[in-house]
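Engineer: sequence unknown, structure follows:
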């Protein structure tokens, strides 16, 4: 029987756990050491550390403290691993917790994080999704039922001091270009809410002044939100500190490519079973700058899709030059408008694209001035036919329900 290396007491806050941290810093002590070839399980809180609840109000999403998120289990040291090595991580299995068979999807208020389509969906909303084995459905988004691809949204190794300094310098320079932007250009340090694992209080207070937020993906891995990084996957992480310092969290039951609602997956607490190994001097041998991964052989067998295109022309009709961000945005907006024809609200359609296993692709990026981005929506996840037909669309979703909303002005 596989041992659980990191156990969480879910009756306590994340800050009461020395085996949890919510910042990246090279001096965060290893919570445990393992050997190459070892496999073990790790329990993880949901990415907000329990700030979101299973109810029909979006107040908790509106009021969430985004400086206190991405609570990670770890770091875990691997004996004999040195900077310049590749840490090999096999994701053997991922699961939900017996007393937590549900997850949540949220849109953040524009004033508190926003999202990919925040100009169109500026208010905080929340949908709750119940799990039935490998399937998810929601009382807030009727008419859909799909198989989840469970995966860690966030997994990576500790940075070196030099890498941390690089992050702070380049992100600080970007922030300085427009420090008052809403939402902000980057996630500032926010030392007052840093939880530095098992560091001693004085050392933790000092390190928190420069510790990096866990919001973006970086060279070490981090918050990459790769939906296909599920059971059966393998990841090769560049190592920057002795032992590697592997941490993980932000578990997702399901997600569409891009995690476009920001809190864009079905977020959950749960456990992950992994195996670790090492390739000595692997960074130089394979010219690795960012992690490399091999996808799982497991994937929901959805065979029929509608594919929505987007090009580098924004909502105002302005032409952009080979802008993939604009193109994927337009593909998503096109899909949302299409789904509204079947009775979904814009918010419900947006949630479907964030939660269901949709696939996003850059289908063409050489034909100036337009990138062609595509979004593949599996039609089999719907309880009715959404394909175009001569008779036109029928509104199957009726009743006037929508995803719960909470307005920033009502705080």
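Structural biologist: That came through fine. Predicted model, so just to flag it, every value in this text is computed and none were measured. Numbering: from 1, shown residues only.
Engineer: from the middle of its chain, how far away would stretch 111-121 be?
Structural biologist: Its chain's C-alpha centre and that of stretch 111-121 lie 16 Å apart, by C-alpha atoms, centre = their mean, to the nearest Å.
Engineer: need the next SSE after the one helix or strand in the chain whose mean pLDDT sits lowest, C-terminal direction.
Structural biologist: Among the helical and strand segments of the chain, the one scoring lowest on mean pLDDT, DSSP states H and E is strand 262-267, with a mean of 92. The first helix or strand that comes after strand 262-267 along the chain, using DSSP states H and E, is strand 270-279.
Engineer: Sheet-wise, list the partners of that next one with their directions.
Structural biologist: strand 39-44 (antiparallel), strand 86-96 (antiparallel) (DSSP bridges).
Engineer: picking that back up, name every strand pairing with the least confident helix or strand of the chain and say which way it goes.
Structural biologist: Assessed with DSSP bridges, strand 262-267 is paired to strand 102-107 (antiparallel), strand 244-254 (antiparallel).
Engineer: Let me have those strands in CSV, adding mean neighbour count, distance to residue 160 and mean pLDDT as columns.
Structural biologist: C-beta: built from backbone N, CA, C; applies to glycine. Output for these, formatted as CSV (neighbours: other C-beta atoms under 10 Å; distance: least, C-beta to C-beta, whole Å; pLDDT from 0 to 100):
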stretch, mean neighbour count, distance to residue 160, mean pLDDT
strand 102-107, 27, 34, 98
strand 244-254, 28, 10, 98
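Engineer: would CSV of the ones you listed with distance to residue 183 be doable?
Structural biologist: As requested, the strands paired with strand 262-267 are exported to CSV (distance: least, C-beta to C-beta, whole Å):
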stretch, distance to residue 183
strand 102-107, 12
strand 244-254, 19
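Engineer: out of these, nearest to residue 358?
Structural biologist: strand 244-254 (10.1 Å; C-beta to C-beta).
Engineer: and that closest one, how far out from the chain's middle?
Structural biologist: When C-alpha coordinates are averaged (C-alpha atoms, centre = their mean), strand 244-254 and its chain have centres 9 Å apart.
Engineer: How about stretch 225-243?
Structural biologist: 14 Å.
Engineer: now swap in stretch 162-171 and tell me
Structural biologist: On C-alpha atoms, centre = their mean, the centre of stretch 162-171 falls 22 Å from that of its chain.
Engineer: buried sites along stretch 279-296?
Structural biologist: Neighbour-count burial for stretch 279-296, counted by 16 or more other C-beta atoms under 10 Å, picks out 279, 282, 283, 288, 291, 293, 296.
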